[in-house]
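In: Here's my sequence, what's the structure:
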Amino acid sequence: MDQSVKLRFLSEPDMIKAGVLDMEGCLEATKDCFELLAKGDYLMGGPSENDHGHLIWFPKHKKGPRMPEAGPDRRFMAMIAYLGGDYHICGEKWYGSNIANRELGLPRSVHSIILNDPDNIKPLAFMSGNLLSQMRTGAVPGIASRYLARQGAETVGIIGAGMVGKTALLGIKTAVKSVKKAYIYDVFPAASEKFAKYAKEELGVEPIIVDKMEDAVKDMDIVHIAASGVDLPVIDTNMLKKGSLLCLTGAAEFSTDDWINDCQIYADNWKLHQAFIHEMDYPREGIREEILSWAPSAPVIDAAYQGKFDGSKVKNLGDVVIGKSPAREDEDEKIIFITSGQAVEDVAWGKKILDRANEQNIGQILAFWEDKQYWLK
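Out: This is a model prediction of the structure:
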C-alpha cells in the first residue's frame with residue numbers, strides 16, 4: 001500500500017480553471033446531494049448527524065485581552081460531512097465570517113474546503129472555497145425552483161443584491177429557462193445598479209430596480225432573500241401571489257403568523273433545522289437570539305420553538321427530487337423554501353471539482369510525507 005500522504009492544493013484561479021463556475025455542473029451535483037439526503041446516505045456533524053456546523057461563539061465581552069467580541073455575523077465554523085453514493089467522500093468547509101471585513105476590503109467570509117478519503121482517512125485536497133460555496137449556495141434555490149416553482153415562472157424578486165443574490169439568480173435562471181425578469185431591491189442603490197447590469201449582460205434577464213421591498217415580493221413567481229446586516233428584511237407573506245415560491249437563503253422576519261396556515265414549508269433538510277431548535281435551549285445567554293440573527297430558516301424554526309408551528313408538516317426537497325413527495329398540491333399553493341447551507345453540498349461540488357482537477361492535472365501536489373514513516377521514529 002502507498003504510505004505517502006499527498007494532497008492537491010487548488011487556489012482560486014485553479015478552481016476557476018477546473019470549472020467551479022459551471023452552474024449546470026453545480027446544479028447536477030446539488031441534485032445528486034438532495035437524492036442522497038432523501039435516501040439517508042450521508043452524515044453531518046453532532047449526535048443528530050445533521051448539524052449545520054460547529055461554531056466558535058464569540059462572547060459579548062472578551063475573556064482575554066485579544067479575544068474578539070461578538071458582532072454582526074461574526075463567527076468561525078467547521079462544517080463537516082460524509083456523502084455517499086458515487087461520491088463516497090468526507091470533507092469539511094472551514095470559514096470565518098465578519099461583516100466588519102468590508103472596511104478592510106475583504107469579503108465577509110473566507111472559506112476553505114478540505115476533502116479526505118473516507119476509508120484510509122488520507123487528505124485528498126485543500127481548496128479555496130469562496131467561489132465553490134457561492135456556486136453551491138446559488139444552486140440550492142436553483143434546484144428548489146426547478147421542482148417547486150410553478151410551471152412557466154417568469155419573474156424573480158431579488159431581495160439583497162450581493163454575491164449570494166447573483167449566484168442565486170444564476171442558479172434559478174439556469175434551472176428555470178422561462179425566467180425573464182428580475183425585480184431587484186437592496187438598501188444600497190449602487191448594489192442594485194451593479195446587480196442589474198449583471199442580470200442583463202451575463203444572464204439575459206431584464207432587470208427592474210425597485211425602491212420598495214414589497215415591489216420585489218408581490219406579483220413575483222419566485223422571491224429570493226439573501227441580505228446581510230444588523231436589520232433583517234421583514235416580509236409580509238400575505239403579499240406573496242398564489243402559486244409563488246419564496247426561497248430563504250438569508251435570514252428574514254415575517255410580519256405576521258399568517259404563513260403558518262397559508263403556506264407550505266419545504267426544507268433543504270428539516271432535521272438540520274430541528275438541530276437549531278434544540279440548540280436554542282442550551283444554557284448560554286443570548287443563544288436563541290444569535291441563531292435567529294443569521295439562520296435563514298429563523299421565522300420557521302422560532303415558530304416551531306414557540307409551539308406555534310407543527311414541524312411535522314414540513315416537507316423535504318430531497319423527497320420531491322426522488323419522487324417520494326409531490327412538488328406542490330396545486331398551482332395556487334404558496335411555498336416557502338427554507339435553507340441553511342449544508343456541508344454535504346460543499347463536499348459534493350468539491351468532489352466534482354477535485355475529479356476534474358485530477359483529470360487535467362490542475363493545481364499543486366503537496367506532500368505531508370513521501371515514503372518515510374516519520375511518526376515511527
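In: the bottom helix or strand of this protein by mean pLDDT?
Out: helix 287-294 (a mean of 85; mean pLDDT, DSSP states H and E).
In: Can you tell me what sits against it?
Out: 57, 70, 72-73, 75, 232, 251, 276, 279-280, 298, 301-302, 305 (C-beta atoms under 8 Å, 6 or more residues apart in numbering). No exception for glycine: its C-beta is placed from N, CA and C like everyone else's.
In: Met44: helix or strand, and which one exactly?
Out: Using DSSP states H and E, Met44 maps to strand 42-44.
In: Please apply the same query to Phe276.
Out: Taking DSSP H and E as the criterion, Phe276 maps to helix 270-279.
In: same for that helix, what does it pack against?
Out: helix 287-294, helix 298-305 (3 or more C-beta pairs under 8 Å, 6 or more residues apart in numbering; DSSP states H and E).
In: partners of whichever helix or strand comes after the last one, with directions?
Out: Moving toward the C-terminus from helix 298-305, the first helix or strand encountered (DSSP H and E) is strand 315-316. Using DSSP bridges, the strands paired with strand 315-316 in its sheet are strand 263-267 (parallel).
In: What is the distance between the partner strand and the centre of its chain?
Out: Distance, stretch centre to chain centre, for strand 263-267: 17 Å (C-alpha atoms, centre = their mean, to the nearest Å).
In: Now do that strand, average pLDDT.
Out: The predicted model gives strand 263-267 an average pLDDT of 97.
In: Enumerate the positions of it that are buried.
Out: For strand 263-267, the neighbour count (16 or more other C-beta atoms under 10 Å) marks 263-267 as buried.
In: Dump the C-alpha coordinates for that strand into CSV.
Out: The C-alpha trace of strand 263-267 is given here as CSV (Å, rounded to 0.1, in the frame of the first residue of the first chain):
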residue,chain,number,x,y,z
CYS,A,263,-48.1,28.5,3.1
GLN,A,264,-46.5,25.1,2.7
ILE,A,265,-43.0,24.8,4.1
TYR,A,266,-40.3,22.8,2.2
ALA,A,267,-36.8,22.4,3.6
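In: can you state the direction angle for that strand and helix 270-279?
Out: For strand 263-267 against helix 270-279, the angle by axes from the mean of the first three to the mean of the last three C-alpha atoms, to 10 degrees is 90 degrees.
In: And for the closest residue to Asn269 other than its chain neighbours, the neighbour number?
Out: Using C-beta to C-beta, 6 or more residues apart in numbering and skipping the chain neighbours, the partner closest in space to Asn269 is Leu37 (5.7 Å). Residue neighbour count, defined by other C-beta atoms under 10 Å, stands at 26 for Leu37.
In: Pull the contacting residues for Leu37.
Out: 268-269, 316, 318, 342, 344.
In: Out of those, which two sit at the greatest distance?
Out: For these, the maximum inter-member distance is 13.2 Å, found between Asn316 and Val344 (C-beta to C-beta).
In: more crowded one of the two?
Out: Val344 (30 against 19).
In: Report the contact partners of Thr237.
Out: Residues touching Thr237, when contacts are defined by C-beta under 8 Å, 6+ apart, comprise 246, 254-256, 258-259, 262-263, 334, 336.
In: swap in Asn101?
Out: Residues near Asn101 by C-beta under 8 Å, 6+ apart: 107-108.
In: Quick check: it vs Ala267, distance?
Out: Distance, Asn101 to Ala267, using C-beta to C-beta, to the nearest Å: 30 Å.
In: how about CSV for the helices and strands packed on helix 270-279, with mean neighbour count and distance to Glu206 added?
Out: Shown next, in CSV, are the helices and strands packed on helix 270-279 (neighbours: other C-beta atoms under 10 Å; distance: least, C-beta to C-beta, whole Å):
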stretch, mean neighbour count, distance to Glu206
helix 287-294, 17, 32
helix 298-305, 23, 30
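In: for the chain, what are the low-confidence residue spans?
Out: For the chain, applying pLDDT under 70 flags the ranges 1, 229-230, 372-377.
In: quick one, helices of it?
Out: Counting by DSSP state H, the chain has these helices, from start to end: 12-17, 23-39, 130-148, 163-175, 189-203, 259-262, 270-279, 287-294, 298-305, 317-321, 343-360.
In: if we can go back for a sec, nearest to Gly323 among the buried residues of strand 263-267?
Out: Among those, and counting by C-beta to C-beta, the member closest to Gly323 is Tyr266, at 14.9 Å.
In: Can you name the residues that contact that closest one?
Out: 144, 148, 314-317, 320, 335-338.
In: which one is Thr174 nearest to, not counting chain neighbours?
Out: Met23 (4.6 Å).
In: Roughly how far does the one you found sit from Lys271?
Out: Noted for Met23: a distance of 27 Å to Lys271, by C-beta to C-beta.
In: Would you mind naming the residues that bridge with Tyr183?
Out: With DSSP bridges as the rule, Tyr183 is bridged to Gly157, Ile208.
In: that older thread, closest one to Leu106 among the helices of the chain?
Out: helix 130-148 (10.7 Å).
In: what separates that closest one from the chain centre, distance-wise?
Out: Helix 130-148 sits 7 Å away from the centroid of its parent chain (C-alpha atoms, centre = their mean).
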